[in-house]
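# Mind looking at a prediction? Sequence and model below.
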Amino acid sequence: MGAFEDVRSASMTDREEFWLAAAKALDWYRPPERALDEDDPPFYRWFPGGELNVAYNALDRHVAGGRGGQAALIHDSPVTGTRRTYTYAELTDEVARFAGVLRGLGVGKGDRVVVYLPMVPEAVVAMLACARLGAVHSVVFGGFAAHELAVRIDDATPKVVVSASCGIEGGRILEYKPLLDRALGLSAHRPAACVILQRPQVRAAMGPADVDWAEAMAAAVPTLPVPVRSSDPLYVLYTSGTTGKPKGVVRDSGGYATALAWSMTGVYDVGPGQAIFTASDVGWVVGHSYIVYGPLLTGATTVLYEGKPVGTPDAGQFWRVCAEHGVRSLFTAPTAFRALRKEDPHGEYARRYALSGLKYLFLAGERLDPETYHWAADLLGIPVIDHWWQTETGWPIVGNPVGVELLPVKPGSPAKPMPGWDIQVIDADGAPVRPGEDGAIVARLPLPPGALLTLWNDDDRFVRSYLSAFDGCYLTGDAGHIDSDGYVFVMGRTDDVINVAGHRLSTGAMEEVLATHPDVAECAVIGVADPLKGQVPRGFVVLKAGVDGDDEGYRRQLRDELVGLVRDRIGAVASLKQVTVVAALPKTRSGKILRKTMRGIADGLDEPVPATIEDAGVLESLRAVLRGQAR
């Protein structure tokens, strides 16, 4: 066996020894004596009896080890023209003082704090300050609308919300405080206070429950780390659910920190003092794992980037960041590279910068198409590594562990399962399929450290959503196959959660919004293939009787209203721009809308008429619409 096969085999045959050894990469107040508690399946717990503090491991121990002067966090913001570097000593001080601010507002161990901030250093400080106190943070992406923020506030019931006066989306200033105020007006839960970071671009009007970040920090008393149990939650991160109600993924402390520490060196080949640039957002799982926690737990330097891959101001910003900050590993979504390729097809911007220090490009968040892979590989001349994981898993399920062994690359495959992941492809009856055959991709329980423990306040939904379809298996929701070499090929989703530019969004949630329009009787939203964003949603609506849907002016007005509704309720990130009026939606005789068939037709496939269809004529009419033969 090769080096990686030896490592993976050890993780599967002696789980206890492998993960206890991995846990020694951390400092524990009380080291664990066992790796896994299997007493209450499927609610497994990693490192029972162990106590630690994740923020201490990410910051204080590096200072104590003599590396306080090393760069911990580099904030690079082309949209504001500012850059700032925080050493480990400086970042530790900031986090300790903001923990003091939160403690002064009544936040303690187990309390929740919602973080609604742009890509600024204060977002990282707020997350780590919660971890320092043993509080649970829930970061909400700043692009989400007030309604979505309100839903998360009601579910997490935070004691404090941390926000800012504004964010910057490309060249547009987006005021956060009015969105927060509106969300609080919509939510039933009332936090005790809101801490507001005033940015120079816009100053927010403050209310009686609002606390100014700068003023609070000036008066704060630094707070020491609080020991927590390994199984205590570190954060709750919401992911789209097929019913429209988001699911609060609960991440533990010890298991997550152990998995990230292993993955930083094993998967990304980044160690102490080396730099990683993860071009994502702290509102997503990638930002949690590989902008904030993973790099800092390892003692690396992490780049926090406030900008876009193109347009802020040009398609050379990723390369500039890599060159100026000595980046070893760059991690982003395939969407970003499709945008770069569209803007700079010959890679002229990349050639303007010295990129000899860049050793790897990692891509994840959606399927890496072979065209994008080959363009990036030819341009950079370095390994381009696809890998596959989810909000729920916290770190890669399948990847190429370059820190252990660079496996041969097969375009279209993220390579092989990582340590602890027992990945299988099964048929509808739960039986394993032959190599090369497509089926549902599942992970055998127990899941390795770092994966979700449950859903926030909803154990039943956790079991129902992920564990009930096949006995003893976690249902990933993705379909694909495993070839004879053990390489996993992930071909697409099996539910209605779609990937828009690397962001998982629920088409069901969009349907719920469209259905609120007074003229809409019925609707469906599907994800269709898009050369830039991977997938984009497309809506179809059936109008109520008596509504004149033949008038072209009305159709345009209706489309604008429906697009505006989704933008208002879910946010611009939904990217819904096309809504078509149809006479009827194709359904099975049992009343289920044939979304999968619709997606196939929209993607140009020759989809057959399903045997269970209620009215084949409806499908043929829709086929004409989807192929541009009818309005």
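Arrived safely, thanks for sending. As the structure is a computational prediction, the values presented were derived from the model and not from experiment.
# what kind of secondary structure is residue 476 in?
Going by DSSP: H, G, I helix; E, B strand; the rest coil, the secondary structure assigned to residue 476 is strand.
# ok, the closest residue to it other than its chain neighbours - contacts?
The shortest distance from residue 476 to any residue other than its chain neighbours is 4.8 Å, reached at residue 441 (Cβ to Cβ, 6 or more residues apart in numbering). Backbone N, C-alpha and C define where each C-beta goes, glycine included. Contacts for residue 441 (Cβ atoms under 8 Å, 6 or more residues apart in numbering) come out as 423, 424, 425, 476, 478, 479, 480, 488, 490.
# and the gap between residue 441 and residue 453?
Here residue 441 is placed at a distance of 21 Å from residue 453 (Cβ to Cβ, to the nearest Å).
# Low-confidence ranges, the protein, go.
Low-confidence regions of the chain, defined by pLDDT under 70, span residues 1-2, 143, 240-244, 492, 495-497, 504, 588-592, 611-612, 614, 628-631.
# ok, back up a step: what backbone torsions are found at the residue nearest to residue 476?
When read as degrees, to the nearest 10, the backbone of residue 441 gives phi -90, psi 120.
# Can you name the residues bridging to it?
residue 425 (DSSP bridges).
# State the phi and psi torsions of the residue sitting furthest away from the middle of the chain.
Checked against the mean C-alpha position of the chain, the extreme residue using Cα atoms, centre = their mean is residue 546, at a distance of 43.1 Å. Summarising the backbone geometry of residue 546 under the convention degrees, to the nearest 10, its torsions are phi 90, psi -10.
# and the gap between it and residue 519?
According to Cβ to Cβ, residue 546 stands 9 Å off from residue 519.
# Domain map for the chain?
Domain assignment of the chain by automatic domain parsing yields the ranges 3-42+52-307+387-467, 497-626.
# which one of those domains is the most hemmed in?
Neighbour counts averaged per stretch over these are highest for domain 3-42+52-307+387-467, at a mean of 20; criterion: mean count of other Cβ atoms under 10 Å.
# Now the terminal residues of that one, how far apart.
Across its full length, domain 3-42+52-307+387-467 reaches 32 Å end to end, with Cα to Cα, to the nearest Å as the criterion.
# repeat for stretch 81-91
21 Å.
# With stretch 191-199 instead?
Using Cα to Cα, the gap from the first to the last residue of stretch 191-199 comes to 22 Å.
# contacting residues around it?
The list of residues contacting stretch 191-199 from outside it, by Cβ under 8 Å, 6+ apart, reads 101-102, 105-106, 114, 117, 120, 122, 153, 158-166, 177, 180, 184, 204, 206-207, 209-214, 216.
# any idea how far residue 458 is from residue 464?
Following Cβ to Cβ, the distance that separates residue 458 from residue 464 is 9 Å.
# again, but for residue 336
As for residue 336, its distance to residue 464 is 34 Å (criterion: Cβ to Cβ).
# just residue 599 next, same as before
Note on residue 599: its distance to residue 464, by Cβ to Cβ, is 24 Å.
# Which stretches in the stretch 351-500 of the chain count as strands?
Assigned by DSSP state E, counting those that start in this stretch, the strands in the stretch 351-500 of the chain fall at 360-363, 384-386, 398-399, 416-417, 423-426, 439-444, 473-482, 488-493, 497-500.
# Helices of the stretch 351-500 of the chain, residue ranges please.
Taking DSSP state H, counting those that start in this stretch as the criterion, the stretch 351-500 of the chain carries its helices at 370-380, 459-462.
# want to throw these into TSV with distance to residue 238?
As requested, those are exported to TSV (distance: least, Cβ to Cβ, whole Å):
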stretch	distance to residue 238
helix 370-380	29
helix 459-462	13
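# between those, which one is nearest to residue 276?
Of all these, it is helix 370-380 that lies closest to residue 276, at 16.0 Å by Cβ to Cβ.
# Tell me which residues of that closest one come out buried.
With burial defined by 16 or more other Cβ atoms under 10 Å, the residues of helix 370-380 counted as buried are 372, 373, 375, 376, 379, 380.
# of all the residues you listed, which comes closest to residue 284?
Nearest to residue 284, judged by Cβ to Cβ, of those is residue 372 at 19.8 Å.
# thought the closest one was touching residue 342?
No. No contact is recorded between residue 372 and residue 342 when judged using Cβ atoms under 8 Å, the distance being 10.6 Å.
# related to what we said a few turns ago, dump the strands of the stretch 351-500 of the chain into TSV; add distance to residue 138 as well.
Supplementary listing: the strands of the stretch 351-500 of the chain in TSV, determined by distance: least, Cβ to Cβ, whole Å:
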stretch	distance to residue 138
strand 360-363	26
strand 384-386	29
strand 398-399	27
strand 416-417	29
strand 423-426	29
strand 439-444	25
strand 473-482	22
strand 488-493	25
strand 497-500	19
